[in-house]
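Engineer: Need a 3D model of the following:
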Amino acid sequence: MAVSSEARRHLVRGQSCSGDVIKLSIQDRVMMGGADSSTEFGVFFDDAAEEGRLVTSLERTLKNFGLLAGRLVMRDGEVVIECSNAGLPLTFDTKDSAAPSRDVPYNLSFFDLARGAAPSADRSQVAGEALLRIRVTTFTDGQLLAVSFNHAIGDAASLNLFLIAWGEAYRGTHADVEVSHDRLGFFPETPAAPGDPPLAGETPSEQDWLLFHQTTPPAAMVTADEPPLWSVVSFFRTFDELAALKAKYSSASDGAALSSVDVLTAEIVRMCQFEADSLRLMFAKTFRCEFGSPNFFGNALASMALEIPNSMEAPGVLRKAVACCKSKAFIEWKLRQSWCGFELNGAHLFVNSWFRSVQPERIVFACPAESTGFALKTYEDEVGERARTSPMAHILPYRDGLRVNLFVRRSVAFALRDAGALQSCIDIDMQ
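Structural biologist: I've put the predicted structure just below:
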């Protein structure tokens with residue numbers, strides 16, 4: 001039985017307080033959710049960083065990320081982030097046991113949950129709770145940095161920017177990178193509500209753009225299990241295995257240079273066992289680079305829905321379609337077609353890749369990060385809070401490959417488990 005030391009708690013504040021007020025974009029307000037809405041992920045390291053240096057380097061890092069020590073408040077009836085330097089909760093724990101397996105989502109006990117929803121009162125002395133909480137647990141064979149955050153502060157790429165900067169401050173190589181917090185200036189115009197009509201005509205300047213704008217629900221498809229029961233399964237592919245998959249699918253790609261995510265998405269589709277010749281795939285896309293602001297801190301996401309064949313040709317179709325959505329003009333058009341750029345008509349499968357958005361090789365404290373992973377709560381929320389009705393997958397970056405967590409119907413999960421295709425299979429039940 002593992003023995004844990006008493007947790008050491010710090011409320012870390014920046015070395016100065018700007019007092020800035022950051023106004024939220026429409027997407028920030030959507031992503032904020034309710035009082036219990038939070039996202040949890042962990043970053044694992046083979047070597048443990050020093051507690052004192054983590055605290056002092058975080059104090060320095062908050063100079064450019066002051067909102068992380070701030071709070072949501074109401075100002076004139078509007079929710080904003082006040083950079084009040086109220087503090088970022090940072091907790092340390094030590095266990096005389098090996099770290100948990102990275103083959104399964106992390107247990108929620110490794111996280112301190114962020115509850116950052118704004119108060120209802122429009123009074124300057126009233127504020128929400130911390131928007132970000134970090135718990136660092138040191139094991140006999142490594143260290144887990146567990147992050148819980150309210151999505152109002154930003155997306156995965158934003159947290160990656162912060163973790164890289166914190167690591168640089170820890171190692172004394174900190175570069176004073178200019179971070180953009182102007183959310184209203186950055187985020188493109190979008191319809192004000194889900195039911196509002198497009199702000200631009202249906203005919204785009206590039207006809208291929210219509211591949212990513214679905215105006216009707218997807219065809220009905222049986223995905224097994226009535227009533228619906230869900231499991232989350234996990235498997236891992238090394239970069240060498242991904243190279244072999246690229247070679248496998250290249251013959252059907254019509255010359256397209258396939259990415260690791262392209263071929264891994266095709267493997268996910270195959271594992272879902274859809275009984276159809278084609279399906280609608282939805283995936284998340286960030287668009288900082290298209291707007292020339294790679295250091296933008298906030299939410300910059302759009303969801304793309306694309307009809308793909310349920311065959312060996314899927315990666316090539318995906319690659320050719322994705323190539324047409326990498327311009328600023330496309331993103332501006334796309335976000336004017338639907339509320340916040342979100343596809344509202346549904347899909348048969350949603351794939352959210354953190355590859356490139358989160359960069360373990362650049363998150364370096366005592367050593368570079370070995371892996372990233374979600375908490376099991378992520379998938380419990382899909383059953384409960386979000387009542388998901390179709391499969392979804394997360395693609396998570398590791399030092400030597402990519403891990404897939406696939407949320408899928410239980411009958412499919414059991415078939416994959418029995419075929420030896422998985423490293424883990426956990427049933428997700430309604431609480």
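Engineer: Report the secondary structure state of Val136.
Structural biologist: What DSSP: H, G, I helix; E, B strand; the rest coil gives for Val136 is strand.
Engineer: Next, the contact list for it, please.
Structural biologist: Taking C-beta atoms under 8 Å, 6 or more residues apart in numbering as the criterion, Val136 is in contact with 49, 51, 54, 90-93, 143-146. Where you see a C-beta, it was placed from the backbone N, CA and C, and this is true even at glycine.
Engineer: Mind doing that once more with 7 Å?
Structural biologist: Each residue near Val136 by C-beta atoms under 7 Å, 6 or more residues apart in numbering is listed here: 54, 92, 143, 145.
Engineer: Can you list the buried residues in stretch 394-413?
Structural biologist: Of the residues in stretch 394-413, 394-398, 401-410, 412-413 count as buried by neighbour count, 16 or more other C-beta atoms under 10 Å.
Engineer: can you check stretch 42-54 too?
Structural biologist: Using 16+ other C-beta under 10 Å as the burial criterion, the residues of stretch 42-54 that qualify are 42-45, 48-49, 54.
Engineer: go on, stretch 227-235?
Structural biologist: 229-235.
Engineer: Inside strands: which ones of these?
Structural biologist: Using DSSP state E, 230-235 are the members of these that sit in strands.
Engineer: what two of the buried residues of stretch 227-235 have the greatest distance between them?
Structural biologist: Leu229 and Phe235 (20.1 Å; C-beta to C-beta).
Engineer: Packing partners of the helix or strand where Leu245 lies?
Structural biologist: Using DSSP states H and E, Leu245 sits in helix 239-250. Secondary-structure packing of helix 239-250 (3 or more C-beta pairs under 7 Å, 6 or more residues apart in numbering; DSSP states H and E): helix 260-272, strand 401-409.
Engineer: mind redoing it with 10 Å?
Structural biologist: With contacts defined as 3 or more C-beta pairs under 10 Å, 6 or more residues apart in numbering; DSSP states H and E, helix 239-250 has these neighbours: strand 230-238, helix 260-272, helix 314-322, strand 401-409.
Engineer: Can I get that helix in CSV? Just the C-alpha atoms.
Structural biologist: Provided in CSV are the C-alpha atoms of helix 239-250 (Å, rounded to 0.1, in the frame of the first residue of the first chain):
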residue,chain,number,x,y,z
PHE,A,239,6.8,6.8,-34.4
ASP,A,240,8.2,3.8,-36.2
GLU,A,241,4.8,2.1,-36.1
LEU,A,242,3.3,5.3,-37.5
ALA,A,243,5.8,5.4,-40.3
ALA,A,244,4.8,1.8,-41.2
LEU,A,245,1.1,2.9,-41.2
LYS,A,246,2.0,5.7,-43.6
ALA,A,247,3.6,3.2,-45.9
LYS,A,248,0.5,1.0,-45.6
TYR,A,249,-2.0,3.7,-46.6
SER,A,250,0.2,5.5,-49.1
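Engineer: Give me the angle between that helix and strand 230-238.
Structural biologist: Here helix 239-250 points in a direction 100 degrees away from that of strand 230-238 (axes from the mean of the first three to the mean of the last three C-alpha atoms, to 10 degrees).
Engineer: count of neighbours near the closest residue to Phe291 other than its chain neighbours?
Structural biologist: Residue nearest to Phe291 in three dimensions, not counting chain neighbours: Lys328, with 6.0 Å by C-beta to C-beta, 6 or more residues apart in numbering. Lys328 has 13 neighbouring residues, counting by other C-beta atoms under 10 Å.
Engineer: same check, this time on Thr138
Structural biologist: A count of neighbours around Thr138, defined by other C-beta under 10 Å, yields 19.
Engineer: how close does it sit to Ala7?
Structural biologist: 11 Å (C-beta to C-beta, to the nearest Å).
Engineer: shared neighbours of these two, anything?
Structural biologist: 92-94 (C-beta atoms under 10 Å, 6 or more residues apart in numbering).
Engineer: Restricted to strands, list the residues you listed.
Structural biologist: Cross-referencing these against strands under DSSP E gives 92-94.
Engineer: Please tabulate those residues in TSV, including the columns neighbour count and distance to Gly292.
Structural biologist: Shown next, in TSV, are these (neighbours: other C-beta atoms under 10 Å; distance: C-beta to C-beta, whole Å):
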residue	neighbour count	distance to Gly292
Phe92	20	39
Asp93	19	41
Thr94	18	44
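Engineer: Of those, which is the nearest to Ile426?
Structural biologist: Asp93 (23.6 Å).
Engineer: burial count for the nearest residue to Lys248 once chain neighbours are set aside?
Structural biologist: Distances taken as C-beta to C-beta, 6+ apart place Val263 nearest to Lys248, at 7.5 Å, with adjacent residues excluded. Counted with other C-beta under 10 Å, the neighbours of Val263 add up to 27.
Engineer: Which of the three states applies to Leu11?
Structural biologist: Secondary structure state of Leu11, per three-state DSSP, is strand.
Engineer: which residues does it contact?
Structural biologist: Counting by C-beta under 10 Å, 6+ apart, Leu11 makes contact with 69, 86-91, 130.
Engineer: Same question for Arg171.
Structural biologist: For Arg171, the contacting residues are 49, 53, 57, 364-366, by C-beta under 10 Å, 6+ apart.
Engineer: Which strands and helices lie in contact with the helix or strand containing Ile395?
Structural biologist: Assigned by DSSP H and E, Ile395 belongs to strand 392-398. Of the remaining helices and strands, those touching strand 392-398 by 3+ C-beta pairs under 10 Å, 6+ apart are strand 39-45, strand 230-238, helix 260-272, strand 278-286, strand 349-353, strand 369-374, helix 377-383, strand 401-409.
Engineer: Dump these into CSV; add distance to Lys23 as well.
Structural biologist: Output for the helices and strands packed on strand 392-398, formatted as CSV (distance: least, C-beta to C-beta, whole Å):
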stretch, distance to Lys23
strand 39-45, 22
strand 230-238, 36
helix 260-272, 33
strand 278-286, 21
strand 349-353, 27
strand 369-374, 29
helix 377-383, 27
strand 401-409, 34
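Engineer: now the ones you listed as TSV including distance to His174 and mean pLDDT?
Structural biologist: As requested, the helices and strands packed on strand 392-398 are exported to TSV (distance: least, C-beta to C-beta, whole Å; pLDDT from 0 to 100):
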stretch	distance to His174	mean pLDDT
strand 39-45	19	97
strand 230-238	33	97
helix 260-272	31	96
strand 278-286	25	94
strand 349-353	29	96
strand 369-374	18	98
helix 377-383	31	92
strand 401-409	29	97
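Engineer: Leu163 is nearest to which of the ones you listed?
Structural biologist: Leu163 sits nearest to strand 39-45 of all those, at 6.8 Å, using C-beta to C-beta.
Engineer: Going by contacts, tell me the helices and strands next to the helix or strand just after the closest one.
Structural biologist: For strand 39-45, the following helix or strand on the C-terminal side (DSSP H and E) is helix 51-61. Contact here means 3+ C-beta pairs under 10 Å, 6+ apart; on that basis helix 51-61 packs against strand 8-12, strand 88-94, strand 132-139, helix 156-171.
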